[in-house]
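> have a look; sequence and predicted model below, questions after that.
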Amino acid sequence: MTMIHPSKDIMFKKSRRLEGKKIALCLCGSVGIIKSPELARELMRNGAEVFVVMSPSSQKLISPTLMEWATGNPVVTELTGKIEHILLGKNVDLVLVAPATSNTISKIASGIDDTPVTSLVISAMGYGIPILIVPAMHASMYSNPIVLENIKKLTSMGIKVIEPQIMEDKAKFPDIEIIIEEVISIFTKKDLKGVSILVTAGPTRSYIDSIRYITNGSSGKMGYAFAKEAYLRGADVTLVSGPTNLPIPRNIKMINVETTEEMLKTIEELLSRNKYDLFVMAAAPLDFKVENKYEGKISSNNKFSINLSPLPKIINIVREKSENTFIIGFKAEYGLSKEELISRALEKLKEAKADLIVANSLSNPFTGFNSDYNEVYVVDKEGNVVHIPISSKHEIANRILDIYLEARRR
C-alpha cells in the first residue's frame, strides 16, 4: 500500500495551477527563511510537489525536520552518493532559491558549487531548468555594487530575480503571494500575448455629505482576478478600480476612481485614446446618484432625506465608443431561479450589445461579492450557456478568458 505523507493533505486546496510541477526549494542562511515553510505550503496548495535543499548555514536557522514536515518529502542537507544535485537538477521543473543570500548569489554567478544549493543551481542551469531567485539580506549588502553586478549577470543568463522589499534598512523577503504569482507565471501559457484588455473592478460611491456616502457590497475580487490572470497569460492590462481593500496588482496599469461618473469618464477617455481588444465590466458601479448632496457634515440629530436619480449604465456606452471591442459584462441578481437569472442576463447582453454576460446569484452565502469563490453562468449572443460550478474567482476568470479566446477564433 502506498503511504501518503499527511502534510500533503493541503495539495490543491487553492488551485491546480501548479499540478504536476516539481519544484526544488533551495534555502540559504537568511532570516527570511522563517517564511520558507509557509512558502512551501502555498506552493503545495496550488498543486506543486516541493523538494527542499538546504545550505549548511540555513540549517543553523531552521531544522530540516520542519521542512520535511512542511513538504512531506525528505530534505537534502548534503550531497551523497545519490548525487542529489544531478537527480533533482534534471527532474524538477523549477529551482526556486528563496531566500537567497549575497553569498549564494555571488557563488552562482561565479560558478562555485560548494553547497547543496549552489551545486543544484549550477546543475539545473546546465540542464536548462528555469531558475527563480529571491534575495533577502541587509540593504547595505543588497546595494553593494558587486552583488548588484552579480544579480545583473544572473538575469542576463535567463535567471529570474524577484526584487526584495526595501524597508527598515533590510532587503526583505517579499510577500509570499508575489513569489507564488511569479512561479505560476513561469508555467502559464502566454496565449493572450498582444491582446489589450481593459478591466473594471469594485464598487463606486455617491456622497450624501462630505464624509458619508452610499455604495454597494462589491469587493472588487472578480475584476482583480481578471486583471491578474490576463496579465499572467501575457495580456497588456489596464485596470480601472473603484474603492477596495485589495492589494495593488503588480505590473498592471491601474487607475483609481471613486464615483460612477469618474469611472465612466475614465473609460470614455481610455477608449478614445486606445484600442482595446477586450473590455471586462466586472465592476459593480452604483446605479444611483444622490441629487441633494450636503456640503459639510449632516448633524445626526436631524432627519434628512436623500433623493436618488439613475446614472448611465457604463457597459451600454462602451459599444458606442468602441465598435470592435469584445465586451464581457456581469449580471448579479438575488433570489432568482436559474432560468430567470439566465433570461435576465440575455436581456442585459442584448441591451448592452455585449458579446458575453456572466450571471451569478448573490443569494448563496458561500459565493458572491466578498467571497473568494463564485458560481456563474456564461451566456453568449446565441443564448448558449456555459455553467461554471463553484470555483475560485481566479479559476472562473481563466475559464471565461478561455471562452473569449474560443469565440475570437470562430
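In hand now; what should we look at?
> poorly predicted segments of the stretch 1-150 of the chain, please.
Across the stretch 1-150 of the chain, the ranges flagged by pLDDT under 70 are 1-2.
> how about the helices in it?
36-45, 64-71, 84-91, 102-110, 116-127, 139-142, 145-156 (DSSP state H, counting those that start in this stretch).
> quick one: the fourth one to helix 145-156, angle?
Right, the one you point to is helix 102-110. Here helix 102-110 runs at an angle of 50 degrees relative to helix 145-156 (axes from the mean of the first three to the mean of the last three C-alpha atoms, to 10 degrees).
> going by neighbour count, list what's buried in helix 102-110.
Neighbour counts over helix 102-110 (16 or more other C-beta atoms under 10 Å) mark 102, 103, 104, 105, 106, 107, 108, 109 as buried. Bear in mind the C-beta positions are built from the backbone N, C-alpha and C, glycine included.
> in TSV, list those along with distance to residue 388.
TSV is the format used below for the buried residues of helix 102-110 (distance: C-beta to C-beta, whole Å):
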residue	distance to residue 388
102	46
103	48
104	44
105	43
106	48
107	48
108	43
109	46
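> closest to residue 247 out of the residues you listed?
Nearest to residue 247 among the buried residues of helix 102-110, counting by C-beta to C-beta, is residue 105 at 27.2 Å.
> closest one of the buried residues of helix 102-110 to residue 217?
residue 105 (46.2 Å).
> pretty sure the closest one sits against residue 146.
No - with contact defined as C-beta atoms under 8 Å, residue 105 does not reach residue 146; the gap is 9.9 Å.
> give me the contacts around stretch 144-158.
Identification of contacts with stretch 144-158 by C-beta atoms under 8 Å, 6 or more residues apart in numbering yields 102, 105-106, 108-110, 125, 131, 133, 135, 141-142, 161.
> of these, which pair is most distant in space?
The largest separation in those, counting by C-beta to C-beta, is between 125 and 141 at 23.3 Å.
> redo the contacts of stretch 144-158 as CSV? Include distance to residue 331.
Shown next, in CSV, are these (distance: C-beta to C-beta, whole Å):
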residue, distance to residue 331
102, 53
105, 51
106, 56
108, 52
109, 54
110, 59
125, 51
131, 45
133, 45
135, 46
141, 54
142, 49
161, 43
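> distance between stretch 246-263 and the chain's centre?
Centre-to-centre, stretch 246-263 and its host chain are 15 Å apart (C-alpha atoms, centre = their mean, to the nearest Å).
> oh sorry, the question was meant for stretch 155-168
Computed by C-alpha atoms, centre = their mean, the chain-centroid distance of stretch 155-168 equals 19 Å.
> what is the end-to-end distance of that stretch?
Counting by C-alpha to C-alpha, to the nearest Å, you get 26 Å between the two ends of stretch 155-168.
> double-check residue 111 against residue 122; I have them as touching.
Yes - judged on C-beta under 8 Å, residue 111 makes contact with residue 122 at a distance of 6.5 Å.
> neighbour-wise, which of those two wins?
residue 122 (17 against 9; other C-beta atoms under 10 Å).
> so which bits of stretch 281-301 are buried?
281, 282, 283, 284, 285, 286, 289, 290, 298.
> same for the top helix by length along the chain, what does it pack against?
Counting residues, the longest helix in the chain under DSSP state H turns out to be helix 393-409. With contacts defined as 3 or more C-beta pairs under 8 Å, 6 or more residues apart in numbering; DSSP states H and E, the packing partners of helix 393-409 are helix 221-232, strand 326-333, strand 356-361, strand 373-380, strand 385-392.
> stretch 252-260 - what's its average pLDDT?
Average pLDDT, stretch 252-260: 96.
> just give the closest residue to residue 288, not the sequence neighbours.
In this structure, residue 288 finds its nearest non-sequential neighbour in residue 308, 4.0 Å apart by C-beta to C-beta, 6 or more residues apart in numbering.
> oh, that last question was meant for residue 106, not what I typed.
Spatial nearest neighbour of residue 106, chain neighbours left out: residue 150 (5.0 Å); criterion: C-beta to C-beta, 6+ apart.
> state the distance from that neighbour to residue 253.
Distance of residue 150 to residue 253, given as C-beta to C-beta, to the nearest Å: 32 Å.
> now do residue 138
33 Å.
> do residue 359 as well
Distance of residue 359 to residue 253, given as C-beta to C-beta: 28 Å.
> for the two, indicate the residue with more neighbours.
residue 359 (26 against 14).
> wait, what's in contact with residue 181?
Counted by C-beta under 8 Å, 6+ apart, residue 181 has contacts 228, 232, 250.
> one more time with 10 Å, if that's ok
Going by C-beta atoms under 10 Å, 6 or more residues apart in numbering, residue 181 touches 162, 175, 188, 228, 231, 232, 249, 250, 251.
> which of these sit farthest apart?
Greatest spacing in the contacts of residue 181, by C-beta to C-beta: 175 and 188 (19.1 Å).
> which one of those two has more residues nearby?
residue 188 (17 against 13).
> tally up the residues packed near residue 277, please.
When neighbours are counted by other C-beta under 10 Å, residue 277 registers 18.
> do residue 334 as well
10.
> wait, it touches residue 362, no?
Yes - under the criterion of C-beta atoms under 10 Å, residue 334 makes contact with residue 362 at 4.7 Å.
> mind listing the shared neighbours of the two?
Common neighbours of residue 334 and residue 362 (criterion: C-beta under 10 Å, 6+ apart): residue 368.
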